[in-house]
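# Quick one, what's the 3D model for this:
(chains A and B)
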There are 2 protein chains.
Amino acid sequence: MSLAKRRGFVFPGSEIYGGLANSWDYGPLGAQLKLNIKNLWWKRFVENRDDIVGIDTALIMNPKVWEASGHVATFSDPLVECKKCHSRYRADTLPGFSVVKMTNPKTGGFGWELSSGPDARCPNCGAKGVDSFTEPKAFNMMLKTFIGPAEETANIAYFRPETAQGMFVDYKLVADSMRLTPPFGIAQMGKAFRNEITPGNFIFRTREFEQMEIEYFIPVPKTDEDWQAVFEQWRIAMHEWMHDIGLPANHIHELEVPKDELAHYSKRTIDFEYDFPFGRKELYGLAYRTDFDLTNHSKASGQKLVARDPQTNEEYIPHCIEPTWGVDRTFLAVLCAAYHEDEEKKRVWLSLPPRLAPYKAAIFPLLANKPELIEKAKGIYSALQKDFTVAWDDRGNIGKRYFSQDEIGTPYCITVDFQTLEDNTVTVRDRDSATQERMSVDKLAEFLREKVNG
Amino acid sequence: MSLAKRRGFVFPGSEIYGGLANSWDYGPLGAQLKLNIKNLWWKRFVENRDDIVGIDTALIMNPKVWEASGHVATFSDPLVECKKCHSRYRADTLPGFSVVKMTNPKTGGFGWELSSGPDARCPNCGAKGVDSFTEPKAFNMMLKTFIGPAEETANIAYFRPETAQGMFVDYKLVADSMRLTPPFGIAQMGKAFRNEITPGNFIFRTREFEQMEIEYFIPVPKTDEDWQAVFEQWRIAMHEWMHDIGLPANHIHELEVPKDELAHYSKRTIDFEYDFPFGRKELYGLAYRTDFDLTNHSKASGQKLVARDPQTNEEYIPHCIEPTWGVDRTFLAVLCAAYHEDEEKKRVWLSLPPRLAPYKAAIFPLLANKPELIEKAKGIYSALQKDFTVAWDDRGNIGKRYFSQDEIGTPYCITVDFQTLEDNTVTVRDRDSATQERMSVDKLAEFLREKVNG
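Numbers count the residues shown, from 1 in each chain, chains lettered A, B, ... in the order given. The predicted model follows:
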């Protein structure tokens, strides 16, 4: 976190005003790293695939969407209030207390029951036991707003708590305009919002976050093997993605969500967990959502969200497999995986994959007071800048400049020295091995291109 | 609009639920076009420039930001209500009525006075004249929400109405972490929100929209020429951008905002207006904001948002020049400029610049029932797909496929025919001229690269 702030990756949000809980800004290097992650994902899963198209839907949707999806009714945390000091808590995270979710057999709605150990107290005023608290109340986690000219109930709207519903609601418009029949996927990257009460572990859990999500539609499975085969393809695709962005395999764990804990719409869900410095936490998810969503939206909207079997010409509601990636969690995992310290050599470096690194290379003139070195180095810098993000540094000695670039994960440092003026070669120093090789200036672009795309 | 919906550029938001006013979704081709616009802007103004860095700040900032910026007090429209039928209107857009903004000399606050012609009436119920309406009330255009576990005044927050304040609030963190001294710029792309009451002209005016914005910080100008020179550089840079994205020069107009209409923080503002099909409307803006923002935030936060003069070592508050681009308006202008009809030939095409076009090329096998043509064409398609977004079509006759690609602005159609199997050449058909040339398959990638990057 200290490095992230000092070197311009992540800043506390609104810091000059004392910040804002669970709010973070991406600084210059963070914004570039995040953009590189998103563009790589989009290239891989949208541009390079024949069977997936991307969309970009509004953050505020018609409130009926969230009624049909179940978010208005059930996307809630249990909130309790201390009767004595009026502090509010999420009951399921209150130390010493526990909470059980229960369905009301009469209404079909649900509620919670709070219980506690003998000495459990309000963390603020010390009031003791269950009786000191109000009954758990459903606290909807969607961010509410008012649109139009008055704060009336009719004008309540919500900021989307997930990107997924955009793909379901636009399913038919996409399928028709692009002439697609299952199997095909709709992808989206973008912000989503949850009114988080609990603290967040840096950028791990925030009020606003970005998702990269695909709804992959398939024909109605005739057997379990039909959907399992697609599920398996996505499981592998997600592992390949994690490998390619530099996450070590031994930090990744698949959690098969037990049948009795599955969300009501899911027949199978895998959580991909990652060993963060603060513990093993959910990174990505992969769920088989059956035809739950399209069926619900068909009913609620009265529109036929269907596909047509090319053989039988019969209409059917497609099933859906959903791989989900958190952008900010990806960012955090990539940063954690890349962080290296060598205590002996007092060296800190980020081993970011070249394709993700904010700068692909840094260009140094060996000495800052030699105009002929500066001029030569500037020429190389300008030429590379057309195709790559590159840094320039002519301050301090070369060792300090290496140190500075290592900290921000620049994979290659290119130094222009006196030999360059004679034979047009430079030293190219590798971040991870800290070794140097001499290379012709003419080969630099090709070298970098291979490393960045390879 | 019809083409935009039919071919997957822009869909009405939440359409299956009857839509949501002023809300639009970008479909597959629209999402790609919008992403191409944003990535081109980022490459040009952030990655390829030494003096500008990008950031990506939270959409919800500490509410104190909007107090300091003046948005809580003054970012309002005048709202009136008909006393008879209780319809609500923005007073300044009510036909037959006019409204004058007035400052209260006692309080320093401001209000509006409504007046009307003799026959002005409520558009809904026909109630006549000024007396039929309530006095104009300030209606704040920021979207409000509640964060934390209770809807109390203490927890009110706003979704940002502009991206600019992120750059001012993070000014010092950026300057320090990146070791920058003016002149330098901070850039940001991202969503902003305004509770628009008025109708929007398709995606021209929407509740949520994306901005691309730069705050360019300069030393305190010693003379007017000092800031005017930078202002002029940006004026030219914006014209170059508009040229490069295909906007015809004769549709672009500079509106020099008169001195008495300038925003209180601005010493000079140019609006770049564009001739849309629905009229001449604001596209971009360029403003000299002086040191207004950093001074205000310094005062309100108690933090020193300053730079240090490298010669005198004295601290100063930098001045700022702000070029602003609307993403959605850019998208709309690009689409309008690209739209061409040839009534005689019944041909419609989008002359999108190749770098912006959703697909750079489409690959066709001449006949869909010849496996050897299909196989050869698929090979070319797969090879090009690694570096370019490409389309595949083997339906109908070649003429219909050309027609279909013309409509979505694909600049090149590559057809694999029987001669291809003999000499490894294909026809490459140009969208704008509708002419064909024969080209070796080996040269396709280089050809496209030149067209896309050139």
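
# does chain B sit close to the longest helix seen in chain A?
Assignment by DSSP state H gives helix A:224-244 as the longest helix of chain A. No: when contact is scored as CB under 8 Å from any CB of the partner chain, no part of helix A:224-244 falls within range of chain B; the minimum is 14.9 Å. (C-beta placed from N, C-alpha, C; glycine too.)

# From the contact counts, what lies against that helix?
Identification of packing neighbours for helix A:224-244 by 3 or more CB pairs under 8 Å, 6 or more residues apart in numbering or on different chains; DSSP states H and E yields strand A:208-218, strand A:252-256, strand A:268-276, strand A:279-290, strand A:319-326.

# what about 7 Å?
strand A:208-218, strand A:268-276, strand A:279-290, strand A:319-326 (3 or more CB pairs under 7 Å, 6 or more residues apart in numbering or on different chains; DSSP states H and E).

# What strands flank the last one, and is each parallel or antiparallel?
Each strand paired with strand A:319-326, and its direction, by DSSP bridges: strand A:208-218 (antiparallel), strand A:279-290 (antiparallel).

# Touching it from outside, list them.
A:41, A:164, A:209, A:211-218, A:220-221, A:227, A:230-231, A:234, A:238, A:283-291, A:293 (CB atoms under 7 Å, 6 or more residues apart in numbering or on different chains).

# sorry, back to before: as JSON lines, the helices and strands packed on helix A:224-244 with mean pLDDT would be great.
Formatted as JSON lines, those follow (pLDDT from 0 to 100):
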{"stretch": "strand A:208-218", "mean pLDDT": "98"}
{"stretch": "strand A:268-276", "mean pLDDT": "97"}
{"stretch": "strand A:279-290", "mean pLDDT": "96"}
{"stretch": "strand A:319-326", "mean pLDDT": "98"}
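
# Read off the pLDDT value for the spatially closest residue to residue A:406 that is not a sequence neighbour.
Among residues not flanking residue A:406 along the chain, residue A:349 sits closest, at 3.8 Å (CB to CB, 6 or more residues apart in numbering or on different chains). In this model, residue A:349 is scored at 96, pLDDT.

# Secondary structure of residue A:349: a strand, I assume?
Yes: counting by DSSP: H, G, I helix; E, B strand; the rest coil, residue A:349 is found in a strand.

# Wait, it touches residue A:431, no?
Yes: Residue A:349 is within contact range of residue A:431, at 5.8 Å (criterion: CB atoms under 7 Å).

# what residues are shared contacts of these two?
Common neighbours of residue A:349 and residue A:431 (CB under 7 Å, 6+ apart) are residue A:406.

# count of neighbours near residue A:425?
Counted by other CB atoms under 10 Å in any protein chain shown, the residues lying close to residue A:425 total 17.

# next one: residue A:77
Residues near residue A:77, counting by other CB under 10 Å, number 23.

# what do you get for residue A:241?
Neighbour count of residue A:241, defined by other CB under 10 Å: 20.

# Any figure for the gap between it and residue A:202?
Distance of residue A:241 to residue A:202, given as CB to CB, to the nearest Å: 22 Å.

# Next: residue A:78.
25 Å.

# Can you give me the buried ones in stretch A:391-406?
Of the residues in stretch A:391-406, A:391, A:392, A:393, A:394, A:398, A:401, A:402, A:404, A:405, A:406 count as buried by neighbour count, 16 or more other CB atoms under 10 Å in any protein chain shown.

# quick one, strands of the stretch 101-250 of chain A?
A:110-116, A:137-140, A:143-146, A:156-159, A:184-193, A:208-218 (DSSP state E, counting those that start in this stretch).

# Can I get those strands in JSON lines including mean neighbour count?
Putting these into JSON lines (neighbours: other CB atoms under 10 Å in any protein chain shown) gives the following:
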{"stretch": "strand A:110-116", "mean neighbour count": "16"}
{"stretch": "strand A:137-140", "mean neighbour count": "17"}
{"stretch": "strand A:143-146", "mean neighbour count": "20"}
{"stretch": "strand A:156-159", "mean neighbour count": "20"}
{"stretch": "strand A:184-193", "mean neighbour count": "22"}
{"stretch": "strand A:208-218", "mean neighbour count": "23"}
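
# pLDDT score for residue A:109?
66.

# wait, residue A:221
On the pLDDT scale, residue A:221 is placed at 97.

# That one reaches residue A:230, doesn't it?
No: contact criterion CB under 7 Å: residue A:221 and residue A:230 do not qualify, at 8.7 Å.

# Outline the domain layout of chain A.
The record's domain parsing of chain A by automatic domain parsing lists A:2-71+A:144-338, A:76-140, A:359-453.

# before we move on, back to that, nearest to residue B:297, out of the strands of the stretch 101-250 of chain A?
Smallest distance to residue B:297 across the strands of the stretch 101-250 of chain A (CB to CB): 21.7 Å, for strand A:208-218.

# quick one on the thing from earlier: weakest of the domains of chain A by average pLDDT?
Among these, domain A:76-140 scores lowest, at a mean of 84.

# Give me the spatial nearest neighbour of the residue in the stretch 151-300 of chain A positioned nearest to chain B, chain neighbours excluded.
Using CB to the nearest CB, the closest approach of the stretch 151-300 of chain A to chain B is made by residue A:177 at 3.5 Å. Distances taken as CB to CB, 6+ apart place residue B:8 nearest to residue A:177, at 3.5 Å, with adjacent residues excluded.
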